[in-house]
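*Asks:* what follows is a predicted protein model with its sequence.
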Amino acid sequence: MSDYLITFFGIYFLCLFKFIAGPLLGSAAGYGLWEIVSVTVSGMMTSVLIFTFLGEWFKKNWPIIIKKKKNKFSKRTRNIIKVWQKFGVFGIAFLTPVILTPIGGTVVLTSFGIAKRKIIGAMLVSSFFWSIVMAVSIEKLLEIPFFKNIWT
């Protein structure tokens with residue numbers, strides 16, 4: 001049981017920073033679909049909650065004096081703004097597990113001034129969707145004999 005908990009919390013900790021770690025390492029650990037989904041979603045949502053509330057706290061309690069620089073938009077920043085303009089909160093939340101990290105997506109939504117409840121709800125739906133899709137995809141990929149031989 002302690003090996004199971006150590007593995008679970010290790011995967012959970014990695015999911016705080018990188019979403020794909022949950023489905024990959026959960027599958028490698030021999031977890032079932034719902035175990036993979038629970039560890040992945042709980043890791044991502046912990047990160048989302050921390051940075052949603054911590055971001056507000058930093059804004060209020062840590063006045064940082066920064067020298068204003070010219071706004072230089074990178075290609076990545078422009079793409080994030082395009083997604084925001086077309087799809088809003090759910091577009092950013094949908095792309096967070098795949099392209100951004102849980103921290104990155106949360107920071108982007110917080111910087112746009114979105115309500116905490118909306119950020120948490122959108123990220124929760126997105127994390128459930130992507131964790132199921134990725135876990136099932138990895139499971140189906142491992143049924144192919146070539147990948148099955150490599151994985152084991």
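*Replies:* Arrived safely. Residues are numbered from 1 along each chain as shown.
*Asks:* going by C-alpha atoms from here, please, whenever you check contacts or count neighbours.
*Replies:* Noted.
*Asks:* and the longest helix along the chain, what's buried?
*Replies:* If you go by DSSP state H, the chain has its longest helix at helix 33-61. Under the neighbour-count criterion of 16 or more other C-alpha atoms under 10 Å, helix 33-61 has 33, 35-49, 51-52 buried.
*Asks:* now stretch 122-130
*Replies:* In stretch 122-130, counting by 16+ other C-alpha under 10 Å, buried: Ala122, Met123, Leu124, Ser126, Ser127, Phe128, Trp130.
*Asks:* can you list which of these are found in helices?
*Replies:* Ala122, Met123, Leu124, Ser126, Ser127, Phe128, Trp130.
*Asks:* out of those residues, the closest to Gly113 would be?
*Replies:* If you rank these by distance to Gly113 using C-alpha to C-alpha, Ala122 comes first, at 14.4 Å.
*Asks:* need the contact list for the closest one.
*Replies:* With contacts defined as C-alpha atoms under 8 Å, 6 or more residues apart in numbering, Ala122 is in contact with Val89, Phe90, Ala93, Phe94.
*Asks:* nearest residue to the second one in space, please, no chain neighbours.
*Replies:* Counting by C-alpha to C-alpha, 6 or more residues apart in numbering, Ala122 is the residue found nearest to Phe90 once chain neighbours are left out, at 5.8 Å.
*Asks:* please tell me which one of the contacts of Ala122 counts the most neighbours.
*Replies:* Neighbour count (other C-alpha atoms under 10 Å) singles out Ala93 as the most crowded of the contacts of Ala122, with 27 neighbours.
*Asks:* how about that residue, secondary structure?
*Replies:* helix (DSSP: H, G, I helix; E, B strand; the rest coil).
*Asks:* poorly predicted segments of this structure, please.
*Replies:* Low-confidence segments of the chain, defined by pLDDT under 70: 59, 62-72, 151-152.
*Asks:* again, 90 this time
*Replies:* 1-2, 28, 30, 51-93, 95-115, 138-152 (pLDDT under 90).
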